[in-house]
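In: Show me how the following folds:
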Amino acid sequence: MKDNFDIFFRRKPALMLVSLKKNVRMRYGSILAKEVDCTYSHAVKILQTLESLKLVDFEKKGRIKIIRLTKKGRVVADAIENIQSLIR
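Out: Now for the predicted structure:
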């Protein structure tokens, strides 16, 4: 049976936002992909969508793009965590 969380959210994007909120160290695509158990290319597609929604932004440091939650992204991640705690 599916986790109740899957009823309300697309799992990978929601987990990415929550993971970015919980971890304060520098984050980039390949690490985030491993944390939410998806391929790098899938993670990039999700991150591009999140960027277009202004939930994350990228900072280029050399060859690496560091991913950060925006203020709006942090609010959405908080809401996801609240809902997640309510349905457990």
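In: only C-alpha atoms for contact and neighbour calcs from this point on.
Out: OK.
In: Centroid-nearest residue for the chain?
Out: residue 16 (2.0 Å; CA atoms, centre = their mean).
In: Which helix or which strand is home to that one?
Out: Using DSSP states H and E, residue 16 sits in helix 11-22.
In: Pull out the buried positions in that helix.
Out: Neighbour counts over helix 11-22 (16 or more other CA atoms under 10 Å) mark 12-21 as buried.
In: Please apply the same query to stretch 42-51.
Out: In stretch 42-51, counting by 16+ other CA under 10 Å, buried: 43, 46-48, 50-51.
In: now those residues as CSV including distance to residue 76 and secondary structure?
Out: Putting the buried residues of stretch 42-51 into CSV (distance: CA to CA, whole Å; DSSP: H, G, I helix; E, B strand; the rest coil) gives the following:
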residue, distance to residue 76, secondary structure
43, 18, helix
46, 15, helix
47, 14, helix
48, 16, helix
50, 11, helix
51, 13, helix
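In: Which pair of the residues you listed spans the longest distance?
Out: For the buried residues of stretch 42-51, the maximum inter-member distance is 12.0 Å, found between 43 and 51 (CA to CA).
In: ok, back up a step: same list (the buried residues of stretch 42-51) but as TSV, adding pLDDT.
Out: Formatted as TSV, the buried residues of stretch 42-51 follow (pLDDT from 0 to 100):
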residue	pLDDT
43	94
46	95
47	95
48	94
50	95
51	95
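In: Let me know the closest of the residues you listed to residue 78.
Out: Among the buried residues of stretch 42-51, residue 50 lies closest to residue 78 (CA to CA), at 15.3 Å.
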